[in-house]
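Student: build me a model from this:
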Amino acid sequence: MFKKTLLATIAAASLASLAALAPLTAQAQRVTERVTIVRVAPPEPRHEVVPEHRRRGQVWIPGYYDWRNNQYRWVTGHWERERRGQHWQEARWVERNGVWHRVGGNWARGPRADRDGDGIANRNDRDRDGDGIRNRLDPNPNRPDTVARRGPNGDLDRDGIRNKNDRDRDGDGVRNRRDDAPNNPNRN
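Tutor: Numbers count the residues shown, from 1 in each chain. Modelled structure (predicted):
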């Protein structure tokens with residue numbers, strides 16, 4: 001009887017110790033070179049200063065956190081040679097069902113490419129550049145840095161509200177109906 005109790009206690013203790021170690025050993029899984037799955041949330045992204053002068057034939061690749069040796073490591077932004085017919089998909093972390101996935105961080109081309117990294121292929125995406133303006137209304141649907149500022153669907157003061165819905169289009173603190181120049185931030 002004593003042996004059975006002793007064996008049961010040893011078996012229970014060994015299973016408990018293995019269960020305690022399981023989360024420590026299985027925190028990350030690298031599926032491919034571009035996709036990493038981690039159970040630990042990433043830290044807040046660092047603020048990087050983008051160099052003012054654009055290099056001819058070069059694209060600025062922003063920095064990001066990568067999972068290396070069971071911890072997050074910052075990869076600094078850098079210039080990389082531009083590739084014709086391709087665009088850089090920025091690396092970012094996405095949480096799904098309590099697990100963090102690193103997506104992007106690669107060059108993409110073709111109809112299956114995802115310019116804004118929202119998980120929708122460009123050929124099916126109604127806002128390819130992710131600037132909040134649908135492709136059919138966007139004068140530059142592939143360039144997020146050139147948001148349409150004029151017109152009813154533009155955003156003159158860049159506050160995220162379309163001009164047709166914005167009560168203060170020019171962002172000067174005076175509502176449009178009381179503003180003599182509602183499209184000029186320098187005049188009230």
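
Student: not counting sequence-adjacent ones, nearest residue to the residue positioned nearest the centre of the chain?
Tutor: Computing the C-alpha centroid of the chain and ranking residues by Cα atoms, centre = their mean puts Arg92 first, at 4.4 Å. Using Cβ to Cβ, 6 or more residues apart in numbering and skipping residues adjacent in sequence, the residue nearest Arg92 is Gly104, 5.7 Å away. Placement of C-beta: from N, CA and C, glycine included.

Student: and Asp66, by the same measure?
Tutor: Nearest residue to Asp66, sequence neighbours excluded (Cβ to Cβ, 6+ apart): Val75, at 5.1 Å.

Student: phi, psi of that neighbour?
Tutor: Phi and psi for Val75, reported as degrees, to the nearest 10, are phi -100, psi 120.

Student: does it really touch Glu48, like I thought?
Tutor: No - using Cβ atoms under 8 Å, Val75 is not in contact with Glu48, being 10.7 Å away.

Student: looking at the protein, which helix or strand is least sure?
Tutor: Ranking every helix and strand in the chain by mean pLDDT, DSSP states H and E puts strand 28-30 at the bottom, with a mean of 53.

Student: tell me who's in contact with the residue nearest to Asp66.
Tutor: Contact partners of Val75, counting by Cβ atoms under 8 Å, 6 or more residues apart in numbering, are Gly63, Tyr64, Tyr65, Asp66, Ala91.

Student: out of these, which is most surrounded?
Tutor: For those, neighbours were counted by other Cβ atoms under 10 Å; the highest total belongs to Tyr64, with 22 neighbours.

Student: got a pLDDT number for the closest residue to Trp60 other than its chain neighbours?
Tutor: Leaving out its chain neighbours, the residue that sits closest to Trp60 by Cβ to Cβ, 6+ apart is Val50, at 5.6 Å. In this prediction, Val50 carries a pLDDT score of 82.
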